[in-house]
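K.L.:
below are the sequence and a predicted model for it; my questions follow.
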Amino acid sequence: MLRFFRSSGSTVSVVIILIGGLTWLHALSGYEPPYSGKYGAFLFFEIAGWLTDTPVLSVCFGLILLLTVATLLIFANNRLRLIDKISYLPALCYVLLVGGVTELHRFNPVVIATILLIAAFVLLVGSFKSERLSYNFFTVSALISAATFFYQYMYIYMLVVWFAILFWRPGYWREWVFSLLGFAFPLFLAFSWFFLMDDDYARMGVFLREIFSIQRITVSLSVAAIVFSTASLLMVIITFGHLMRYLGLKKVIVRNGYYILILMAVITVVPTILLPDTFPFVWYLLAFPMSFVLSNYLATVKPVRWGTIVLSLLFIGVAVVQIVFLFAG
């Protein structure tokens, strides 16, 4: 099985799409409406309002966005070569990891935010290719700022940008300015829109207050989803050791790419102690760096049977979660 998914044939992409559809089959049959909880920003709720009366479109749109994330992971790998060859493994791992946590299998704010985060990641790592002044930090920061319009806590990833400027760049002060201007630019456009359209400024004020609010809530998860996510984290921790063993042999830009992914994972997990969006929001974001750690292991481990065991456990875990969810429903 692993040998098939290691290949770069177009058949693999079709199989991944089918797997994604199967993991969302319960949502497609139940016609889940868009996510309507508190933890989404104003632009997300504008779009969700159009889908409230057509739940089937909400699920289909969410699935399309999930597959878009998977496609972007393939693009990111092809662009940065985090895995040495063209590979569909990051997309497969992401679809499986998200498939095992069913609570947000519908249109939700985190999927769109993840798309923007991946685009920001590719540009950020690409800025390490040259020692010259990079304008990418403006675009990266603008993408992160735009992501907060869908999921308000995305601003914490600005720490990744500033960490990269501080430790992996020559020290151009203008790159710090670019990052601040980039983050402010989408906010300026939003305020300008409200001004030109004579809209209610209170909406923007509520959005800004929610960004910096710290509350505690309990997110309801099924036991199966908790077991699956815990087991997946343990697998990633084990396979992370394999990555670190060979990371020093990779090219500088590849090493920096993995360092950024590790930093993203830490920044995603640590604030959950204070921030309310503990789960399953964090899982959608955390699955992004986890996918590359798992993919690196699956693509390089020898003998192949160890990788086959890990991949089989992922498939079995997703299948069990789906079965439990169907019977529980």
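P.N.:
Nice, thanks for sending it over.

K.L.:
where does the prediction get shaky in this structure?
P.N.:
Applying pLDDT under 70 to the chain picks out residues 29-40, 197-221, 271-280, 328-329.

K.L.:
do a quick rundown of the strands in it.
P.N.:
Counting by DSSP state E, one finds no strands in the chain.

K.L.:
Ala76 - nearest residue in space that isn't next to it in sequence?
P.N.:
Counting by CB to CB, 6 or more residues apart in numbering, the nearest residue to Ala76 once its immediate chain neighbours are dropped is Val122, at 5.1 Å. For glycine as for every other residue, the C-beta is placed from the backbone atoms N, C-alpha and C.

K.L.:
now for that neighbour, how many residues are close by?
P.N.:
By other CB atoms under 10 Å, the residues close to Val122 number 19.

K.L.:
thinking Arg6 is in contact with Val301, fair?
P.N.:
No - the criterion here is CB atoms under 8 Å, and Arg6 misses it with Val301 at 10.5 Å.

K.L.:
which of the two has more residues huddled nearby?
P.N.:
Arg6 (20 against 17).

K.L.:
who are the contact partners of the more buried one?
P.N.:
With contact set as CB atoms under 8 Å, 6 or more residues apart in numbering, Arg6 has these partners: 87, 89, 298-299.

K.L.:
change it to 10 Å
P.N.:
Contacts for Arg6 were tallied using CB atoms under 10 Å, 6 or more residues apart in numbering; they are 12, 83, 85, 87-89, 295, 298-300, 304, 307, 311.

K.L.:
filter those to the buried ones?
P.N.:
Among these, those classed as buried by 16 or more other CB atoms under 10 Å are 12, 83, 87-89, 295, 298-299, 307, 311.

K.L.:
helices - which of these land there?
P.N.:
12, 89, 295, 298-299, 307, 311 (DSSP state H).

K.L.:
which one among those gets closest to Tyr153?
P.N.:
Distances from Tyr153 to these, taken as CB to CB, are shortest for Ser295 (26.3 Å).

K.L.:
that closest one is in contact with Lys85, isn't it?
P.N.:
No - in this structure, Ser295 is not within contact of Lys85 by CB atoms under 10 Å, at 11.3 Å.

K.L.:
quickly list what's touching both of those two.
P.N.:
Taking CB under 10 Å, 6+ apart as the criterion, Ser295 and Lys85 both touch 6, 77.

K.L.:
quick one: contacts for the spatially closest residue to Val125 that is not a sequence neighbour?
P.N.:
Spatial nearest neighbour of Val125, excluding adjacent residues (CB to CB, 6+ apart): Gly257 at 4.5 Å. Applying CB under 10 Å, 6+ apart, one finds that Gly257 lies in contact with 76-77, 79-82, 121-122, 124-126, 128, 250-251, 292.

K.L.:
quick check, nearest of the residues you listed to Ser179?
P.N.:
Ranked by distance to Ser179 (CB to CB), the contacts of Gly257 are led by Leu124 at 10.2 Å.

K.L.:
next up, the contacts around the residue nearest to that closest one when sequence neighbours are not counted.
P.N.:
Closest residue in space to Leu124, ignoring its immediate chain neighbours: Val140 at 4.9 Å, by CB to CB, 6+ apart. Shown in contact with Val140 (CB under 10 Å, 6+ apart): 117, 119-127, 134, 157-158, 160-161, 164, 178-179, 182-183.

K.L.:
what do you get if the cut-off is 8 Å, keeping everything else the same?
P.N.:
Residues near Val140 by CB under 8 Å, 6+ apart: 120, 123-124, 127, 161, 179, 182.

K.L.:
quick check: it vs Ser13, distance?
P.N.:
The gap separating Val140 from Ser13 is 28 Å, by CB to CB, to the nearest Å.

K.L.:
same deal with Val122?
P.N.:
Going from Val122 to Ser13 by CB to CB gives 19 Å.

K.L.:
and Tyr172, by the same measure?
P.N.:
40 Å.
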